[in-house]
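Participant: Predicted structure and sequence below. I'll ask about it afterward.
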Amino acid sequence: GWTKNDNSLLIYDRYDIWKLNPRDGSRKRLTKGREKKTVYRYVRLNNEERFIDASKQWLLTTFNEDNKHSGYYTFNPKNNKGKQLLEGPYSYSRPIKAQQGKKVIFSRQSFQEFPNIRVADLNFKKETLISNANPQQKDYNWGTAELVNWTSLDGKALTGMLIKPENFDPKKKYPMIVNFYEKSSNRLYSHRAPSAGRSSINYSFYTSRGYIIFNPDVYYREGYPGESAYNCVIPGITSLIEKGFVDKDNIGTQGHSWGGYQIAYLVTRTNIFKAAESGAPVPNMISAYGGIRWW
């Protein structure tokens, strides 16, 4: 957005907020997120504001791409300095401020924690939980979510999500479902309520029934999507088998659309899967070439 009298234009890159002078094209990076792979984003607390006030403190959200932690940050545009107010292994919502006063409502969530509503001041030093919308969860075997790392067949360091039943025993062998769609590890701390879906498996449903779920990030070499999936997904599976808790004879895979295409490709290259569900795939890229799609 613009500052007062259109003096500056504030824009984002992948991590940071930049200030551009519209008169001479000069620019300045305000935050220092790229150095530590932290994404900073401005929170609009007043829906009636006509410009971004550079004379007052700003509230920003933060997200770290390495550990997937998020939080809130206060930033002083006068001296370009700030302070982390709240951060942790959760996904935090964008706060909503009261029209009068300095109270905000927000929520935090993780795979285990339902996003109940919380109230705090703008300093977030003390927060009050005001809802308990999912008490029945405590009666069920839920699950835990963690990051896992491995190396692709072409040498790239990779990250993915591993979801385990909450009563996980590393000495046991578990059936595993491999589910993926491009890159999903940024959603590590998303809460997933049990529900029927038309395009993807429900993670909490299957972990409650004793399955492990593996969701690997896939990096693509342009022009070779199927081979890229193979190079990323298969070594991720074998790295988990080597840990000893995956039943290698009971591994399934599921994906939809673009994920469905990759699974249709993978089953022609490997017999590692006992079962595969490829939803709405494009199995023939030549016939789909006339379609309008990314890359």
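Facilitator: Thanks, I have it.
Participant: how about low-confidence regions in the stretch 151-295 of the chain?
Facilitator: 291-295 (pLDDT under 70).
Participant: Show me where it has its helices.
Facilitator: With helices called from DSSP state H, counting those that start in this stretch, the stretch 151-295 of the chain shows them at 203-208, 225-241, 258-266.
Participant: The longest one to helix 258-266, inter-axis angle?
Facilitator: Using axes from the mean of the first three to the mean of the last three C-alpha atoms, to 10 degrees, one finds that helix 225-241 and helix 258-266 are set 80 degrees apart in direction.
Participant: Identify each buried residue in helix 225-241, please.
Facilitator: Within helix 225-241, the residues that count as buried by 16 or more other C-beta atoms under 10 Å are 225-237, 239-241. Glycine gets a C-beta too; all of them are placed from N, C-alpha and C.
Participant: what do you get for the first one?
Facilitator: For helix 203-208, a neighbour-count test (16+ other C-beta under 10 Å) marks 203-208 as buried.
Participant: Then stretch 121-129?
Facilitator: Those would be 122, 124, for stretch 121-129 by 16+ other C-beta under 10 Å.
Participant: Now for residue 18, how many residues are close by?
Facilitator: By other C-beta atoms under 10 Å, 15 other residues sit near residue 18.
Participant: Touching, it and residue 25? I think so.
Facilitator: No. Using C-beta atoms under 8 Å, residue 18 makes no contact with residue 25, being 12.0 Å away.
Participant: just the buried residues of helix 203-208 now: which is nearest residue 158?
Facilitator: Residue 158 has its nearest neighbour among those in residue 203, at 19.6 Å by C-beta to C-beta.
Participant: With adjacent residues omitted, what lies nearest to residue 175?
Facilitator: Leaving aside its sequence neighbours, residue 175 sits nearest to residue 250 (C-beta to C-beta, 6 or more residues apart in numbering; 3.9 Å).
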